[in-house]
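Peer 1: Fold the stuff below for me.
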Amino acid sequence: MINKVNYLLKKSGLSITPLRKEVLAFLLENEVSSLDDIKKNIKEFDRVTLYRTIKVLIKFKIIKELSFENKKFLSLNRNINKSSDSFEQSVYFYCMYCNNLTFLNNKIISFDIAPDYEVHQSESIISGKCNLCN
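Peer 2: The predicted model follows:
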């Protein structure tokens, strides 16, 4: 996991810092997480530094921010290695009962886009009741 974290940071031209490594390792392990969950699990750093780190990782398109039901979630950008003419659409499931967002990694839909379009990312969020609340 640490090798993948280091690779993502180096590929993006960012220096490898302990907080960047910790945020990315957490997202690799959890696939998608609320900002609150990240704050609860990464306690060694102050809140301002954590927010700045997240903003940098979003700016460099290593992670992406998803908003649903007035709640913010963070996820790895799965299209980081894709060219602009082919990308994967990420599919997420939002549980209206427990308010969790889950990445459905076995439900990725691939698209080929016409050459005169440049797609940067695409997500679909399906809402309902998850398997734990059902």
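Peer 1: need the next SSE after the least confident helix or strand in the chain by mean pLDDT, C-terminal direction.
Peer 2: The least trusted helix or strand in the chain, going by mean pLDDT, DSSP states H and E, turns out to be strand 109-112, with a mean of 67. Next helix or strand after strand 109-112 toward the C-terminus (DSSP states H and E): strand 123-128.
Peer 1: Read off the pLDDT value for Lys21.
Peer 2: Here, the pLDDT recorded for Lys21 equals 94.
Peer 1: Is it correct that it is in contact with Leu8?
Peer 2: No: assessed by CB atoms under 8 Å, Lys21 is found out of contact with Leu8, at 9.8 Å. Quick note: C-beta positions are derived from backbone N, CA and C, even for glycine.
Peer 1: Tell me which of these two has more neighbours.
Peer 2: Counted by other CB atoms under 10 Å, Lys21 and Leu8 do not tie: Leu8 has more neighbours, with 23 against 16.
Peer 1: hang on, isn't that one packed against Ile62?
Peer 2: Yes: counting by CB under 8 Å, Leu8 touches Ile62, with 5.4 Å between them.
Peer 1: any idea how far Phe93 is from the residue sitting furthest away from the middle of the chain?
Peer 2: Farthest-out residue of the chain from its mean C-alpha position, per CA atoms, centre = their mean: Asp116, at 26.9 Å. Between Asp116 and Phe93 the distance is 33 Å, computed by CB to CB, to the nearest Å.
Peer 1: go on, Lys55?
Peer 2: Note on Lys55: its distance to Phe93, by CB to CB, is 26 Å.
Peer 1: ditto for Tyr117
Peer 2: 27 Å.
Peer 1: more neighbours, those two?
Peer 2: Phe93 (19 against 8).
Peer 1: ranges for the helices of this structure?
Peer 2: 2-11, 18-30, 35-41, 47-59 (DSSP state H).
Peer 1: Let me know which of the ones you listed is tucked in deepest.
Peer 2: helix 18-30 (a mean of 17; mean count of other CB atoms under 10 Å).
Peer 1: what helices or strands is it leaning on?
Peer 2: Applying 3 or more CB pairs under 8 Å, 6 or more residues apart in numbering; DSSP states H and E, one finds that helix 18-30 contacts helix 2-11, helix 35-41, helix 47-59, strand 63-68, strand 71-76.
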